[in-house]
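Asks: pasted the sequence and its predicted model underneath.
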Amino acid sequence: MSLDTAIITFVGAGNMASSIIGGLLESGHRPAALRAADPSPENLARLRKLGDIELFEDNATACEDATVVILAVKPQVMAAAMASVRDQVCASNALVISIAAGTTIASMQAGLGEQTAIVRCMPNTPALLGAGATALHASEQVDPAQRELAETILAAVGIVEWVPAEADLDAITALSGSGPAYFFLFMEAMIEAGCRMGLSRNCATAMTRQTALGAARMAMESDVDLAELRRRVTSPGGTTERAVQRFEADGLSALVQAAMDAARERAAEMGAGGEAAN
């Protein structure tokens, strides 16, 4: 089984589905082998602009003979979505990939059949720009070829990491799923601090955004670890050292740990209740 020959159906055509489809098209996947079903004419119209993709209003029809069915719906409509495609998934032994946060493999196999091969994934919003970070976990029914296929599909919108335990997806939710908001919050705080120090909002915003972008690029492209990058910016007795000392004295690391623990706990609660995690 390869991406070149796979027929991939998206049940749900929202932003994340659109992003993955766009990434697949950019990587050379055939538009004719991509399908999407959604009750929203607006969502389907947006996909129509991406290429010659088969579009449907009916989930079951879209999933006939599909190699992969990607459930890209909200948790509150997951049960109905699974019921609508169960027969088609079982008939074609399709790999099912879920990007719906908080819906467990056990609940999906209850809705689709015990032997259904399922990959749960937790992408994050930068996937909308092709810069996502997605964690995957496979049920025991997923074979090596299906694992490779799932990885290739999600790699179309960023990096991919497999986690060994389904519960690890709760930690991923706390780290990368919710993570963009943490950086936005820190950037907001930097902008406000700059304004209080007398900078115009436009200046503080531009400098903060570019600093964040530059730091991220250095972290991604450098051959040294983050601690060393930080040390290179932190001259002894200088301004950066004074700021870092204040962060450490006020317990920044402990605060980050506590915040992420809270996010992970909430993700586990929402998964148990079938709620959306982010």
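Replies: Structure's in. What do you need?
Asks: ok, and the closest non-adjacent residue to the residue nearest to the spatial centre of the chain?
Replies: The chain has Pro123 as the residue nearest its centroid, 0.9 Å off, counting by CA atoms, centre = their mean. Closest residue to Pro123 apart from its sequence neighbours, by CB to CB, 6 or more residues apart in numbering: Thr134 at 4.2 Å. (Each C-beta comes from the backbone N, C-alpha and C, glycine too.)
Asks: ok, now which ones touch the one you found?
Replies: Under the criterion of CB atoms under 8 Å, 6 or more residues apart in numbering, the contact list for Thr134 reads 121-124, 127, 154, 157-161.
Asks: shouldn't it be within a helix?
Replies: No - when the secondary structure is assigned by DSSP: H, G, I helix; E, B strand; the rest coil, Thr134 falls in strand instead of a helix.
Asks: in the stretch 151-278 of the chain, which spans are helices?
Replies: 168-172, 179-196, 201-221, 226-233, 239-249, 252-273 (DSSP state H, counting those that start in this stretch).
Asks: other residues contacting the strand or helix carrying Val96?
Replies: Assigning secondary structure by DSSP states H and E places Val96 in strand 95-98. Among residues not part of strand 95-98, those counted as contacts by CB under 8 Å, 6+ apart are 67-71, 78, 89, 108, 112, 116-121, 142, 146, 149-150, 153-154.
Asks: among the residues you listed, which are in helices?
Replies: Assigned to helices by DSSP state H, the following of those qualify: 78, 89, 108, 112, 146, 149-150, 153-154.
Asks: hmm, which of those residues are the buried ones?
Replies: The neighbour-count test (16 or more other CB atoms under 10 Å) applied to the ones in helices among the contacts of strand 95-98 identifies 78, 89, 108, 112, 146, 149-150, 153-154 as buried.
Asks: can you put these in CSV and add distance to Phe186?
Replies: Formatted as CSV, the entries for these read as follows, by distance: CB to CB, whole Å:
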residue, distance to Phe186
Met78, 33
Val89, 42
Met108, 35
Leu112, 41
Gln146, 39
Leu149, 37
Ala150, 33
Ile153, 32
Leu154, 27
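Asks: circling back: quick one: which of the contacts of Thr134 is nearest Ile191?
Replies: The shortest gap between Ile191 and any of the contacts of Thr134 belongs to Asn124, at 22.2 Å (CB to CB).
Asks: send the alpha carbons of stretch 209-225 over as CSV?
Replies: Backbone C-alpha positions of stretch 209-225 (Å, rounded to 0.1, in the frame of the first residue of the first chain) are rendered in CSV as follows:
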residue,chain,number,x,y,z
ARG,A,209,7.0,38.7,16.2
GLN,A,210,10.3,38.9,14.4
THR,A,211,12.2,37.9,17.6
ALA,A,212,10.0,34.9,18.0
LEU,A,213,10.4,33.9,14.4
GLY,A,214,14.2,34.3,14.6
ALA,A,215,14.5,32.4,17.8
ALA,A,216,12.4,29.5,16.4
ARG,A,217,14.5,29.4,13.3
MET,A,218,17.7,29.3,15.3
ALA,A,219,16.3,26.5,17.5
MET,A,220,15.3,24.5,14.4
GLU,A,221,18.4,25.1,12.3
SER,A,222,21.2,25.1,14.8
ASP,A,223,23.3,22.1,15.6
VAL,A,224,23.4,22.9,19.3
ASP,A,225,20.8,22.4,22.0
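Asks: buried residues in it, which are they?
Replies: Neighbour count says stretch 209-225 has no buried residue at all (16+ other CB under 10 Å).
Asks: run through who's touching it.
Replies: With CB under 8 Å, 6+ apart as the contact definition, stretch 209-225 has outside contacts at 183, 187, 190, 226, 229.
Asks: ditto for stretch 150-167
Replies: The contact list for stretch 150-167 (CB under 8 Å, 6+ apart) reads 3, 8, 19-20, 23-24, 26-27, 29, 68, 70, 95, 97, 104-105, 119-121, 123, 126-128, 130-138, 142, 147, 169, 172, 268.
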